[in-house]
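Participant: structural data only, the sequence is not supplied:
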């Protein structure tokens with residue numbers, strides 16, 4: 001049985017050709033030809049069974065045979081906000097794994113102790129697309145531009161909002177326990193700080209803006225480990241039964 005080939009095609013139902021990057025992969029790497037069957041993902045909840053109608057060096061045309069609406073495998077909406085690490089590849093790893101596991105949005109934060117204050121959005125988007133295809137997710141997460149900590153906490157959003165930190169002098173609740181009491185239909189936002197943690201003033205400012213102070217456990221975790229751990233805990237609570 002032939003392996004199913006998936007391609008990311010935004011607005012797949014409104015066009016009839018693969019985007020340039022996907023077309024090159026289909027022709028030069030996979031050696032697909034006219035008549036081959038493929039699956040298209042629009043990143044907005046729908047797969048399409050399609051057949052390639054014309055394949056050349058410059059174009060890869062298709063026609064849709066069947067529309068396949070998908071159902072998200074978790075309830076609510078999960079928003080990860082994280083301060084990027086100095087090493088960009090660690091953030092790329094986080095984005096890849098978080099997309100595979102399942103998030104709805106990702107924000108990058110410029111904090112007081114941040115080691116990196118810029119992020120390559122296009123590169124992160126490519127990592128997301130690759131992870132989405134690998135894990136066959138029907139939705140691609142919304143990737144927000146880098147923003148200041150202050151701007152993020154003052155942005156109006158619904159649902160429950162959490163900030164994870166390591167300060168003993170500020171009371172913290174257990175993140176997993178708090179998620180267990182959350183409504184399965186609400187938005188969950190979790191903030192993860194840089195390697196040096198959020199500043200204590202940032203934590204207190206976030207609390208004043210409705211963020212709940214939480215811990216992820218007794219262990220001291222790297223930024224990307226803590227972020228992925230939080231995503232996994234949220235998925236355990238929010239995921240729909242098979």
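Facilitator: That came in fine, so what should we check first? Because the structure is a prediction, the values reported are computed rather than measured.
Participant: C-alpha only now, for contacts and for neighbours.
Facilitator: Noted.
Participant: what does stretch 117-136 contact?
Facilitator: Applying C-alpha atoms under 8 Å, 6 or more residues apart in numbering, the set of residues contacting stretch 117-136 from outside is 6-8, 84, 88, 92, 95-97, 99-100, 108, 110, 138-141, 143, 145-146.
Participant: for stretch 84-102, same thing?
Facilitator: Defining contact as C-alpha under 8 Å, 6+ apart, one finds that stretch 84-102 is touched by 108-110, 114-117, 119, 124, 127-128, 130-132, 134-135, 137, 140-141, 194-195, 223-225, 227-228, 231-232, 235.
Participant: generate a ChimeraX selection restricted to the buried subset of these.
Facilitator: In ChimeraX, this line selects whichever of the contacts of stretch 84-102 come out buried by 16 or more other C-alpha atoms under 10 Å:
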select :108,109,110,114,115,116,117,119,124,127,128,130,131,132,137,140,141,194,195,223,224,227,228,231,232,235
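Participant: separate out the buried members of the contacts of stretch 117-136.
Facilitator: Among the contacts of stretch 117-136, those classed as buried by 16+ other C-alpha under 10 Å are 6-8, 84, 92, 95-97, 99-100, 108, 110, 138-141, 143, 146.
Participant: just the contacts of stretch 84-102: which are in strands?
Facilitator: Assigned to strands by DSSP state E, the following of these qualify: 108-110.
Participant: and those as CSV, adding distance to residue 48 and pLDDT?
Facilitator: Formatted as CSV, the entries for the ones in strands among the contacts of stretch 84-102 read as follows, by distance: C-alpha to C-alpha, whole Å; pLDDT from 0 to 100:
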residue, distance to residue 48, pLDDT
108, 32, 97
109, 35, 96
110, 39, 96
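Participant: let me know the closest of the residues you listed to residue 207.
Facilitator: For residue 207, the closest of the ones in strands among the contacts of stretch 84-102 turns out to be residue 109, at 16.5 Å, with distances computed as C-alpha to C-alpha.
Participant: from residue 89, how far out is the closest one?
Facilitator: Distance from residue 109 to residue 89, counting by C-alpha to C-alpha, to the nearest Å: 17 Å.
Participant: name the nearest residue to residue 153, ignoring sequence neighbours.
Facilitator: Nearest-residue entry for residue 153: residue 206, 6.0 Å, with adjacent residues in sequence omitted and distances by C-alpha to C-alpha, 6 or more residues apart in numbering.
Participant: can you give me every residue that contacts that neighbour?
Facilitator: Applying C-alpha under 8 Å, 6+ apart to residue 206 gives the contacts 153, 163, 212.
Participant: that one sits in which helix or strand?
Facilitator: helix 200-208 (DSSP states H and E).
Participant: now the helices for this structure?
Facilitator: Listed in chain order, the helices of the chain (DSSP state H) span residues 20-24, 88-101, 121-135, 149-153, 175-180, 200-208, 223-238.
Participant: nearest to residue 73, out of those helices?
Facilitator: Shortest distance between residue 73 and the helices of the chain, using C-alpha to C-alpha, is found for helix 223-238: 8.7 Å.
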